[in-house]
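**Student:** give the three-dimensional model of this entry:
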Amino acid sequence: MNNFAGDLSRRTFLKTGAALGGGILASGMPLSQAIWAAEGKVLKVRSRTDFTTFDPGFYTRGSEVDAMNCLYSKLTRFKPGSEWGWELEAAEKIEQVDPTHIRFHLKKGIKFTGGYGALTAKDVKFSLERVIKYKSVDIPDLGPFDHVEVENDHTGVIVFKTPFVPVWSITFPYGVGHIVSEQAVMKATKDGNNFGMKPPAFSGPYVLADFKSNQYVLLTRNPDWSGPKPGFDEIRILPIGDDKTAERAYQAGDIDFTHISLDSLATFKRNPPPNTKIEVMPSIGYVWLGMNMDHPKLKDINVRKAIQWAINVPQILDAAYAGQANVATGTIAPGLIGHREKALVLPEGDLTKAKEFLEKAGVSDLQLTLDCLNEATYSTIAQTVQAQLSQIGITVQVNLQDSGSFWTLGMESEGDRWKDAQLILNDFIGLPDPHYETSWFTKPQVGVWNWERFRNDRFDELSAKALTIEDPNERAKLYYEMQDLMEDSGCYRFLTNDAAPMMYRTSKIAEVGTRPDGDPLFLDFKPASA
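**Tutor:** Numbers count the residues shown, from 1 in each chain. As a prediction, the model looks like this:
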């Protein structure tokens, strides 16, 4: 992932246009003729991960959703800015009829490419129901969703088995809320399942022009789009996992927008690159050290608690984030419903307690592995954890992995690697409802995203109950207890919610559009006039 070395310059693309251009755009135009408009405005951005799918019903990474926002339409979308909110997109009107029924009226004139006609209520029904039918990893995003009743081409009612409060902040404006063409997907897949890397039709302002794994994603204008025209003729997305590599790519001119590392923030503020603006947004993601409780070496809760208490979180944040990141108290970040004021384990830990837990377990000379992404920040965290655990006699072997290998580590569907996983340094994105920060740790998620294989009936009971409660104070109490249960299991040592510093080139970008947590909304980026 890190060896693109500036090769993705405009000149290189022009030279290799014929090689890339064997593909055909959704509009039917040869790639070599369509990608490079002589006077076109090009947005060059970095994503933190590579892409595994362009199917919104089966997304696995936030960077995929960032691109899907440009390719498909949703009933609603997140508003850009510093406050969380949503606005209508494909829906002309949407209303909560009662606690379990939501009626939507679609705008007219939204078309799918490839001659697949107008976007209809049947497509909404198909898009949501296939997530359940094919047991997508994204099922938690739908909560107790049951089905969609189609009233006519433009009107339908979304039905839930029980009330689902997070529908407005997770389901509709994010990943699974994107609407695909039933006709196009059925033709491409025969059964409506995951179409993976080959989208059969688009309904957003852009189409997917080309994609090469670990190299780039190219988006160009959708000729069938009749809605508001976005500012750029083309969007190039370069997957660069390592912040330091991305910073060098920015300085070399290969990208014009990127998030940067916290330990580089002070340096860039003192001496920013030419024509560069730097902004810092509060992140709602979370970073933690997880422990696979089913591994023989970690079955004893006393061993897991020893590890929890041996880890000094502020020390880790000083080393990996130059002390610029907050200490997490759980999976739910400050400002969100359910954020705990403090964790059960002290941030600094306690080596004496840690040793007592190991003695109680009757364990000595313990050797463990720690898997993490091969990225500078996570490598530093892993090495600091390695040093801290050595103080209580635990030897840790750090395994650095590329994103493709890491993000399948705990998935049973990908083989038996999960059986060997022991310590895992992980981070998940957040959304502005606590359901998104907790739903991945229920029993049905064991072997999917729940890599600690944490199982607790009370946790699952609270998770289901919290979805139905509108009063934020009452909801918060449930999420406090859920995070207590996670931590008390010994499977989790919460580290940080991170932050989202970014920089962009003002000679190319007049204004960036982001969510309040700094996640990019490319449709809201404005080009510089020059």
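**Student:** next up, phi/psi of the residue nearest to residue 119 when sequence neighbours are not counted, please.
**Tutor:** Here the nearest residue to residue 119 in space, its sequence neighbours aside, is residue 110; by CB to CB, 6 or more residues apart in numbering that works out to 4.2 Å. Any C-beta I mention is one placed from the backbone N, CA and C, and that applies to glycine too. Main-chain dihedrals, residue 110, degrees, to the nearest 10: phi -80, psi 120.
**Student:** kindly report the same for residue 161.
**Tutor:** Phi and psi for residue 161, reported as degrees, to the nearest 10, are phi -70, psi -40.
**Student:** how about residue 450?
**Tutor:** Dihedral pair for residue 450: phi -90, psi 80, per degrees, to the nearest 10.
**Student:** quick one, phi/psi of residue 458?
**Tutor:** According to degrees, to the nearest 10, residue 458 has phi -60, psi -40.
**Student:** in space, what's closest to it - neighbours in sequence excluded?
**Tutor:** residue 485 (6.2 Å).
**Student:** do the same with residue 406
**Tutor:** Nearest residue to residue 406 in three dimensions, chain neighbours excluded: residue 373, at 5.2 Å (CB to CB, 6+ apart).
**Student:** run a quick neighbour tally on that neighbour.
**Tutor:** Using other CB atoms under 10 Å, residue 373 is surrounded by 24 other residues.
**Student:** shouldn't it be in contact with residue 403?
**Tutor:** Yes - in this structure, residue 373 is within contact of residue 403 by CB atoms under 8 Å, at 6.3 Å.
**Student:** now list whatever residues contact both of the two.
**Tutor:** Here residue 373 and residue 403 share the contacting residues residue 241, scored by CB atoms under 8 Å, 6 or more residues apart in numbering.
**Student:** show me where pLDDT drops low in the stretch 401-530 of the chain?
**Tutor:** Under the criterion pLDDT under 70, the flagged ranges of the stretch 401-530 of the chain are 530.
**Student:** show me the helices in it, by range?
**Tutor:** Ranges of helices within the stretch 401-530 of the chain are 403-406, 434-438, 457-466, 472-488, based on DSSP state H, counting those that start in this stretch.
**Student:** output the contacting helices and strands for the longest one.
**Tutor:** The elements that helix 472-488 packs onto, with contact taken as 3 or more CB pairs under 8 Å, 6 or more residues apart in numbering; DSSP states H and E, are helix 434-438, helix 457-466.
**Student:** ok, and the closest non-adjacent residue to residue 239?
**Tutor:** residue 50 (4.2 Å).
**Student:** again, but for residue 375
**Tutor:** Spatial nearest neighbour of residue 375, excluding adjacent residues (CB to CB, 6+ apart): residue 242 at 4.6 Å.
**Student:** wait, the one you found sits on residue 376?
**Tutor:** Yes - taking contacts as CB under 8 Å, residue 242 lies within contact range of residue 376: 5.6 Å.
**Student:** so which residue is dead centre in this protein?
**Tutor:** Geometric centre of the chain, nearest residue: residue 62, 2.7 Å, by CA atoms, centre = their mean.
**Student:** once you drop chain neighbours, what's closest to that one?
**Tutor:** Per CB to CB, 6+ apart, closest to residue 62 is residue 429, 4.4 Å.
**Student:** who touches residue 304 in this structure?
**Tutor:** So residue 304 contacts 291, 293, 298, 489, 490, 491 (CB under 8 Å, 6+ apart).
**Student:** fine, thanks again, bye for now.
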